[in-house]
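*Asks:* Here is a sequence together with a model predicted from it:
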Amino acid sequence: MNLPVHNKQPEDECGACLAGDRREFLRDAAALVASALVGLGLSPERAHALQLQTIIPLRTSGEEVTYPIPAGDGAVIDKDRDLILARQRTAVYAFSLACPHQRTALKWLGDQGRFQCPKHKSKYRPDGSYISGRATRSMDRFAIRRDGSNAVVNLSKLFREDRDRAAWGTAVVWLGEK
């Protein structure tokens, strides 16, 4: 009995694949989700506000990760590094994605201009400072510095406001006047 012979394509010929890169996939997936939400009756503006906004680093070097500075106010996440990059007017912050209360992933509520824990409803300002809820302290901030039009985050330096208020307070990149 003769079995059919399958001609395998060399791996280097995959350049013609239609798969695209990760950014294209994430952009297309977000557009698909927004379209589905609009199809279910949400306004296009509200559907856009509910999209998961992700950010992909420009480069990594050891414990440092470089991101483009967000163009406007709001927050984006890097799920791979459990990090939130947020901009409020002329300030940019890098936060731990985990709520300081029970480590649940925080959500950005753009229409309300704040963060909230979906588990126990702790609320935080855009600068990570605590407003209310079961948590008893502000969001944890990573050390951050500016490099031209980019923000460089040091993942090995995470500051808690209740343990190191001075370092927590300086973990910000200023884009203009305070």
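*Replies:* Arrived safely. If you're wondering where the values come from, they're calculated on a predicted model, not measured in any experiment.
*Asks:* The worst-scoring helix or strand of the chain on mean pLDDT: what's the following helix or strand?
*Replies:* The weakest-scoring helix or strand in the chain, judged by mean pLDDT, DSSP states H and E, is helix 44-50 (a mean of 45). Remark: after helix 44-50, the chain's next helix or strand is strand 59-61, criterion DSSP states H and E.
*Asks:* same for that next one, what does it pack against?
*Replies:* Contacts defined by 3 or more CB pairs under 8 Å, 6 or more residues apart in numbering; DSSP states H and E place strand 59-61 against strand 64-68. Placement of C-beta: from N, CA and C, glycine included.
*Asks:* Can I get the strand it packs on in PDB? Just the C-alpha atoms.
*Replies:* Taking Å, rounded to 0.1, in the frame of the first residue of the first chain, the C-alpha atoms of strand 64-68 are listed here in PDB:
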ATOM      1  CA  GLU A  64      14.300  47.900  31.900                       C
ATOM      2  CA  VAL A  65      11.500  48.100  29.400                       C
ATOM      3  CA  THR A  66      11.000  51.000  27.000                       C
ATOM      4  CA  TYR A  67       7.500  52.200  25.900                       C
ATOM      5  CA  PRO A  68       6.400  55.100  23.700                       C
END
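*Asks:* contacting residues around that strand?
*Replies:* 55, 57-60, 78, 81, 83, 85, 147, 149-155 (CB atoms under 8 Å, 6 or more residues apart in numbering).
*Asks:* now do stretch 107-117
*Replies:* Contacts with stretch 107-117, where a contact means CB under 8 Å, 6+ apart, come from 46, 49, 53, 73-75, 77, 84, 86, 95, 99, 101, 104, 106, 118, 122-126, 128, 131, 133-135, 139.
*Asks:* which helices and strands does the longest strand anywhere in the chain pack with?
*Replies:* The residue-count maximum for a strand in the chain (DSSP state E) belongs to strand 150-159. Under the contact definition 3+ CB pairs under 8 Å, 6+ apart, strand 150-159 sits against strand 64-68, strand 83-88, strand 91-96, strand 141-147, helix 165-170.
*Asks:* and the fourth one, which residues are buried?
*Replies:* Neighbour counts using 16 or more other CB atoms under 10 Å place 141, 142, 143, 144 of strand 141-147 among the buried residues.
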